[in-house]
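Chemist: Would you be able to build a 3D model of this:
(chains A, B, C and D)
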Amino acid sequence: MSLRPGLTLALFVAISLTLVTVVHQTTHPRIAEAERQAVMARLDQVLPSGYDNDPPGDAYSRPTPLDGASPLRVYPAYRDERYLGAAVEVETRRGYSGPIRLLVGIDAGGRVVAVRAVSHRETPGLGDAIETRRGDWIHGFAGRGIGDPPESGWRLTADGGEFDGITGATVTARAVVEAVHRVLLDFERHEEHPP
Amino acid sequence: MKSILRNGLWTNNAALVQLLGLCPLLAVTTTAVAGLGLGLATLLVITASSTAVSLIRHRVPRDVRLPVFILVIATFVTVTELLVAAWLHEIYLTLGLFLPLIVTNCAILARAETFASRQPVGPAALDGFATGAGFALVLAVLGAGRELVGRGTLLDGAEMLFGPAAAGWTVTLVDGDVFLLAVLPPGAFIGLALLLAAKNRLDSRD
Amino acid sequence: MKTPAIMGHVLLALAPGAAALAWFFGPGVLYNLAVATATALLVEAALLWARGRPVLPSLGDGSALVAACILALALPPLLPWWITALGVACGLTLGKHLYGGLGHNLFNPAMTGYVAVLLAFPREISLWPAPRPEGAVSAAEALRYTVSGSLPGERIDTLTHATPLDRLTTGALSPALHDGTLLAGAAGVWIWVAAAFLAGGAWLLLRGCIDWRLPLGVLAGTAGTASLLWAVIPGAAPPDFHLLTGATVLVAFFIATDPVTAPASRGARLLFALGIGITAVAIREFGAFPDGFAFAVLLMNAAAPLFDYIARPGTVE
Amino acid sequence: MDLLLLAVAAVLVNNFVLTQFLGLCPFMGVSRRVETAAGMAMATAFVLTLASVLSYLIFAYLLEPFGATYLRTPAFILVIAVAVQFTEIMVRSTSPLLHQVLGLYLPLITTNCAVLGVALLNLRGGHDLVASAVYGASAAAGFGLVLVLFAAMRERLEGADVPTPFRGAPIALITAGILSMGFMGFAGLTAV
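Modeler: Numbering: from 1, shown residues only, chains lettered A, B, ... in the order given. As a prediction, the model looks like this:
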């Protein structure tokens, strides 16, 4: 008699597991595809155009040139085995209120294709101007590279460099400029292109 | 039947009167679309679980009633989560944690326990639907209000929920932020307080 | 003393500080005061009317004016008028009338309004003009900015002077920390501003308008925490810096001393005041916002009933 | 040091109730007396820590090896229900006095979204066993802190002449809103 509640519960656990598993099996390929699309949509904003490989599939990590941050994640782009450039995901710890993750797209010549903020915790209304939906500031990196501006110019105008700051969010802007510069320097040093 | 609908949507609204399910209500309502997205997901779960609970109401012994109900709800939540992840991936990313947390929306368990476990399938399903719709309505209204006051836009990101054709639905009333506080956490509490007060005011007029 | 008399004293005591700010930072301070008081009178009257309360007696107690003036003096000296007005409106609505008006409110209305606009308009509230003699914003330019929220072209640069607290937050203070020139040059005006508020506060203390435990507690909490951090952490600012910059003195004598939102018992008042100093210095040194006093006041307002609960006996009348 | 930052973040910067909106139902429902709030806070703290450790173990040693991570929601909610039951039995057998204080609140905790929230956030943050326990305990501390503060404020509010439409829940929410404005000041506290 006292077995019945236990058996009922077990039966429902079994039904529930089966149902969830069936739905999981059916949706799994679609979810994997949607996840891939989400990654690709982000990478496409910064990668050089015309690649024919699978950058997430060819991605690898290497140590970051920035202090205390997590390793770089590099997504290389190729066309017909020819190296086009890469998207580098970098984390900087110099943000105002937490780490900032950026995606820096660089072409084979070492010039910035585009920079995008992936995640950050900067003050709403100030530091979030690094998001494309909140400001144009981050577009200022497109086409820049090592030597353009020269070494000493890779700073905010407030610090004697060539990059405008963000009003009220000097720390955020400084962190982003530094991170992009360091990634470019690191990219120049590691011009190995794994197949 | 009318009374069930009226009860769920207004008189006994889960969010505004019983103050159930406040966590998602306050957390995701930074835009109308996010609020509506979670509202619809909750509506789906609550209708399905009320129906299921009503169907099994004679077969479950008293002692394990609650665990079984929670399990039923958790199952529907997981199924919904998987479906949203597959077909509305961007909404899935926006809602994040609060999609699985539908499980702990007290409104769902409360309906299962107090209504669905005592009523036949028809009324139970309708009651679940009405409660869910009432909840979704409040989510959408609060989301729209906060988005409008905070950012000066409406239906931003509609394409996440309604497909690419909806990309043009966004209404920008003011360029740039208006009163940013509304989309920050304090704005959630204050916004809901204003909604509650407005409802109290309306009710006291009748 | 009756409420209107106390409020009159407080307004008078704010005058030296207001004058010092206006002298160093220009006429924008006066515009802020004008906008704030006008809004306060309008909003207060409207809310009293909406709640069905007699308008003139409550308006005459001066509490709304005091809250508006404190808020105006806490804001940057140049600000578009709608931000000042919204701050006053938020403070009086959220911080006062929704709770049933003067005497019932849990949070200081001036600080409620200040934090509301600080979070809503972080960019505008981060802009400070350089103090005299560099700061050359004329009365006409200041008026133009107050009315329209913009200055022509390059002139906006005159608004981007980093206050000493900004420099602490952005880490630009480190050279000055080593050679002891923290409050030299332009930063030195903060000593005068602090002294002016201190003079007004001391007068209130002598007239018996405020409880000495509150300002003393805030200053002690600030100095104590700052000394400790200064001794332990490289890059932290010394205690005199924390006492003399930002809103320290204003909060100690004019905001923490609000009898409605401070705890009622003696022991609790000390805890409350120390808590404000400690929290504010922690936010200044470790947090993202340059000044932590407004947040600290709200947090300790929230803790005040609990402090009273812990230290029940010994109520101050 | 990392664990300390994790704790400060959970108690102050990302306070569960005020910035992450977790655990609001008991927050609005129970917190009218300081003593009851303290009781609720203690019960929740215990369950929260226990549940976050158990969920971690279930996930790392059962769901992940079998590739069944999609089952986390039902699995965690069952773990939480078990943890609540276990706590109740244990408290009843060891300390009848404590059971009298906490007994009332224990069953409520199953549907406290903070508990499931902690379990899921531990996964997101990639916390190991120790970090999960610390995170659970500090989340509970942040929840308890706000619960007790709020209870004391509501006791004082009872005498206030609040405008009629705002009596009860609305003024409580306004208070939570202003308190949450205060907590926004802790932004960046753990960025060092």
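
Chemist: Tell me the residue of chain A that sits nearest chain C?
Modeler: Shortest chain A-to-chain C distance, computed as C-beta to the nearest C-beta: residue-wise this is A:G168, at 3.7 Å. Every C-beta, even on glycine, is put in place using the N, C-alpha and C of the backbone.

Chemist: Distance-wise, check the closest residue to chain A within chain D relative to C:E285.
Modeler: Among all residues of chain D, D:G188 sits closest to chain A, at 3.1 Å; criterion: C-beta to the nearest C-beta. D:G188 sits 11 Å away from C:E285, going by C-beta to C-beta, to the nearest Å.

Chemist: Equivalent analysis for D:M40, please.
Modeler: When C-beta to C-beta is applied, the distance between D:M40 and C:E285 equals 34 Å.

Chemist: More neighbours: which of these two?
Modeler: D:M40 (29 against 21; other C-beta atoms under 10 Å in any protein chain shown).

Chemist: thought the more buried one was touching D:G23?
Modeler: No. With the criterion set as C-beta atoms under 8 Å, D:M40 and D:G23 do not qualify as a contacting pair; they are 10.0 Å apart.

Chemist: Quick check, pLDDT for C:P175.
Modeler: The score at C:P175 is 66. That number is its pLDDT.

Chemist: Show me what the nearest residue to A:T64 once chain neighbours are set aside is bridged to.
Modeler: Counting by C-beta to C-beta, 6 or more residues apart in numbering or on different chains, A:L72 is the residue found nearest to A:T64 once chain neighbours are left out, at 5.0 Å. Here A:L72 sits in beta bridges with A:R62, going by DSSP bridges.

Chemist: Please name the nearest non-neighbouring residue to the residue of chain A closest to chain C.
Modeler: A:G168's closest residue in space is C:S126 (C-beta to C-beta, 6+ apart), at 3.7 Å.

Chemist: my guess is that neighbour meets A:T123, correct?
Modeler: No. The pair formed by C:S126 and A:T123 falls short of the contact definition of C-beta under 8 Å, at 9.2 Å.

Chemist: joint contacts of these two?
Modeler: Here C:S126 and A:T123 share no contacting residue, scored by C-beta atoms under 8 Å, 6 or more residues apart in numbering or on different chains.

Chemist: Sort out which residues of stretch A:174-193 are buried, please.
Modeler: In terms of neighbour count (16 or more other C-beta atoms under 10 Å in any protein chain shown), stretch A:174-193 has its buried residues at A:174-184, A:186-187.

Chemist: Sorry, wrong one. I was asking about stretch B:145-165.
Modeler: Neighbour counts over stretch B:145-165 (16+ other C-beta under 10 Å) mark B:145-161 as buried.

Chemist: how far does it sit from the chain's center?
Modeler: From the chain centre to the centre of stretch B:145-165 is a distance of 17 Å (C-alpha atoms, centre = their mean, to the nearest Å).

Chemist: Could you tell me the average pLDDT over that stretch, please?
Modeler: Mean pLDDT, computed over stretch B:145-165, is 86.

Chemist: isn't the residue of chain D closest to chain A right up against C:R284?
Modeler: No. In terms of C-beta under 8 Å, D:G188 does not count as a neighbour of C:R284; the distance is 11.3 Å.

Chemist: More neighbours: these two, which one.
Modeler: The neighbour comparison of D:G188 against C:R284 (other C-beta under 10 Å) goes to C:R284, with 28 against 23.

Chemist: tell me the contacts of the residue nearest the centre of chain B?
Modeler: In chain B, the residue lying closest to the centroid (C-alpha atoms, centre = their mean) is B:G39, at 3.2 Å. Remark: with contacts taken as C-beta under 8 Å, 6+ apart, B:G39 is in contact with B:132, B:135-140.

Chemist: okay, these in CSV with pLDDT, neighbour count and distance to A:P55 next?
Modeler: As requested, the contacts of B:G39 are arranged in CSV below (pLDDT from 0 to 100; neighbours: other C-beta atoms under 10 Å in any protein chain shown; distance: C-beta to C-beta, whole Å):
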residue, pLDDT, neighbour count, distance to A:P55
B:G132, 93, 28, 42
B:F135, 92, 28, 42
B:A136, 94, 23, 39
B:L137, 93, 20, 43
B:V138, 93, 24, 43
B:L139, 93, 27, 37
B:A140, 94, 20, 38
